[in-house]
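Peer 1: structure for the following, please:
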Amino acid sequence: MSAPAGWQQPPPPGWGHPPKKNKGPVVAVLIVAGMLAAGVSAVGWLYVQTHRDHGTPPGAEALPAKCDAIGQDTLQRMRVTNPIASSSSHVESPDASATSCNWGQTEGRDGDGRRSLNVWIRTYREERLAEQELVAFEQSGSSVEKTGEGAITVGKGGSSFTTVSYAVRSGGRYVRIDYSGWDAGLLSAKQPDVEEWKKLVSQAAAQVFAKS
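Peer 2: Residues are numbered from 1 along each chain as shown. Okay, the predicted model is just below:
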């Protein structure tokens, strides 16, 4: 018996529609590519944030005259060439004269990382008052390193932030220097070279005593 006109014999079992393609590998590749792109973006963001310029435009106001004792070459080595008059002052009293000097980073000049410099210069009419200042400094921290007529302390905070403080006196003159900041690593802040910072603050103090 012949099949009716237009009738098609059904395919044998298993001969139906072609199997659907497995999209799993394509999706996995897309996910990995997205993760890599996000990772590259995160690394780029960290690099930019770590190495961005923290300086500000140069200050127009002059610091007190005694602040000029710190030479420009020293300020350049310390990468703090921007005078900040708003946090500097000079005061005279019956017992002493007191000068405070502050510098920060100059935009486009002092590199990446963070730096700030604070200097206090006091001249007492009685030597014992300068001695009391130095003793108070030496007793202010647990890790005090004595250096001749002075002392150095090193303070460390979060994100590798470091402060090297140096206090020294000669007769009735007392000077304290705080040098603070951190260095820029590849993708994050890192601790600066503390021994180099100790040399820099010592040189700055010597310049103050040479001119005051």
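Peer 1: contacting residues around residue 172?
Peer 2: By Cβ atoms under 8 Å, 6 or more residues apart in numbering, residue 172 lies in contact with 123-127, 129-130. Just so you know, the C-beta spots here come from the backbone N, C-alpha and C atoms, and that holds for glycine as well.
Peer 1: ditto for residue 104
Peer 2: 55-56, 80, 82, 84, 115-117.
Peer 1: tell me how far it lies from residue 146.
Peer 2: Using Cβ to Cβ, to the nearest Å, we find residue 104 at a distance of 30 Å from residue 146.
Peer 1: part of a helix, is residue 58?
Peer 2: No - Residue 58 is assigned coil when assessed by DSSP: H, G, I helix; E, B strand; the rest coil, not a helix.
Peer 1: what about it, how many neighbours?
Peer 2: 12 (other Cβ atoms under 10 Å).
Peer 1: pretty sure it sits against residue 106.
Peer 2: Yes - the criterion here is Cβ atoms under 8 Å, and residue 58 meets it with residue 106 at 5.5 Å.
Peer 1: in stretch 154-172, which residues are buried?
Peer 2: The neighbour-count check on stretch 154-172 (16 or more other Cβ atoms under 10 Å) flags 154, 160, 162-169, 172 as buried.
Peer 1: and if you look at stretch 130-143?
Peer 2: Of the residues in stretch 130-143, those buried (16+ other Cβ under 10 Å) are 130, 133-134, 137.
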